[in-house]
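**Student:** Predicted structure and sequence below. I'll ask about it afterward.
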Amino acid sequence: MYARLENSITEILASYKISEQRAKVLKPLVDYIQTKVGEHESIAFNFICTHNSRRSHLCQIWAQVAATYYQVPNVYCYSGGTEETALFPKVVDTLSIQGFSILKIADTENPIYAIKYDENSQPIIGFSKKYIHPLNPVSNFVAIMTCSNADQDCPFVTGAALRIPITYEDPKQSDGTALQDETYRQRSIEIAAEMLYIFSMIKK
């Protein structure tokens, strides 16, 4: 794992504490992972938000990193939306500052990024897409609803073995303000801390 990213993780683990209330929200996902690990089965997550532009990508990326950091094997993380838009550039900037290596591989209205957390890791391909996109799993995955709108608008997720709401406040509200950089940084830290907490609880 890149040294700067490991430093970011160390700082997050030292400074961010998971509340009892949030631990209860995260417990169903912890339990699911623990069961799958005990049965030596692969684990697939599809993090779903309305536009697949901010929170769902942050969750996908940090969950994959957390699984690697805590050496939980056979974890595959995806993301999607109920609509297709574009990965918001501030998410890319924020993750780059926190230690990810990110390369734009297609410069279109919906850019495509290769996101790496380790020199030898397979890159996470980041771009906005619907949750039913062909790159995403079609069955036996957990649908994790990262925003309340997607949770309400998408009551049934085709192919999902389980559906779990783990919602976050949208950093979009800070766009164009002096608080934008800090809001995105804090949202990324919050999501990273919770994904790290989830995988730290898994007994192998």
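**Tutor:** Alright, I've got the coordinates. Since the model is a prediction, treat every value here as computed from it, not as a measurement.
**Student:** which sections of the protein are below the confidence cut-off?
**Tutor:** The model of the chain has pLDDT under 70 over residues 148, 150-156.
**Student:** any idea which residue sits dead centre in it?
**Tutor:** Central residue of the chain (CA atoms, centre = their mean): C59, 1.4 Å from the mean position.
**Student:** next one: phi and psi at that residue?
**Tutor:** Torsion angles at C59 (phi, psi; degrees, to the nearest 10) stand at phi -70, psi -50.
**Student:** For it, give me its contacts.
**Tutor:** The contact partners of C59, by CB atoms under 8 Å, 6 or more residues apart in numbering, come to 47, 77, 79, 144, 146, 166, 168, 191, 195. (C-beta placed from N, C-alpha, C; glycine too.)
**Student:** Let me have these in CSV, extended by distance to D93 and secondary structure.
**Tutor:** Below are the contacts of C59 laid out as CSV (distance: CB to CB, whole Å; DSSP: H, G, I helix; E, B strand; the rest coil):
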residue, distance to D93, secondary structure
F47, 20, strand
C77, 21, strand
S79, 18, strand
I144, 24, strand
T146, 20, coil
I166, 24, coil
Y168, 18, coil
I191, 16, helix
M195, 20, helix
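**Student:** need those in CSV with distance to M201 and neighbour count, can you?
**Tutor:** What follows is these, written out as CSV (distance: CB to CB, whole Å; neighbours: other CB atoms under 10 Å):
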residue, distance to M201, neighbour count
F47, 19, 30
C77, 17, 22
S79, 22, 31
I144, 16, 28
T146, 20, 26
I166, 14, 21
Y168, 19, 18
I191, 16, 24
M195, 11, 29
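**Student:** So which bits of the host helix or strand of I105 are buried?
**Tutor:** Here I105 sits within strand 101-106, counting by DSSP states H and E. Going by neighbour count (16 or more other CB atoms under 10 Å), the buried part of strand 101-106 is 101-102.
**Student:** Assign the residue lying farthest from the centre of the chain to helix, strand or coil.
**Tutor:** Within the chain, the residue lying farthest from the chain centre (CA atoms, centre = their mean) is A178, at 25.3 Å. For A178, the reduced secondary structure class is coil; criterion used: DSSP: H, G, I helix; E, B strand; the rest coil.
**Student:** how near is it to N120?
**Tutor:** Spatial separation of A178 from N120 under the definition CB to CB, to the nearest Å is 39 Å.
**Student:** just R55 next, same as before
**Tutor:** The value you get for R55 to N120, if CB to CB is used, is 28 Å.
**Student:** higher neighbour count, those two?
**Tutor:** In this comparison of R55 against N120, neighbours counted by other CB atoms under 10 Å, the higher total goes to R55 at 28 against 6.
**Student:** hang on, that one packs against R187?
**Tutor:** Yes. If you go by CB atoms under 8 Å, R55 and R187 touch, sitting 7.3 Å apart.
**Student:** Noted, bye for now.
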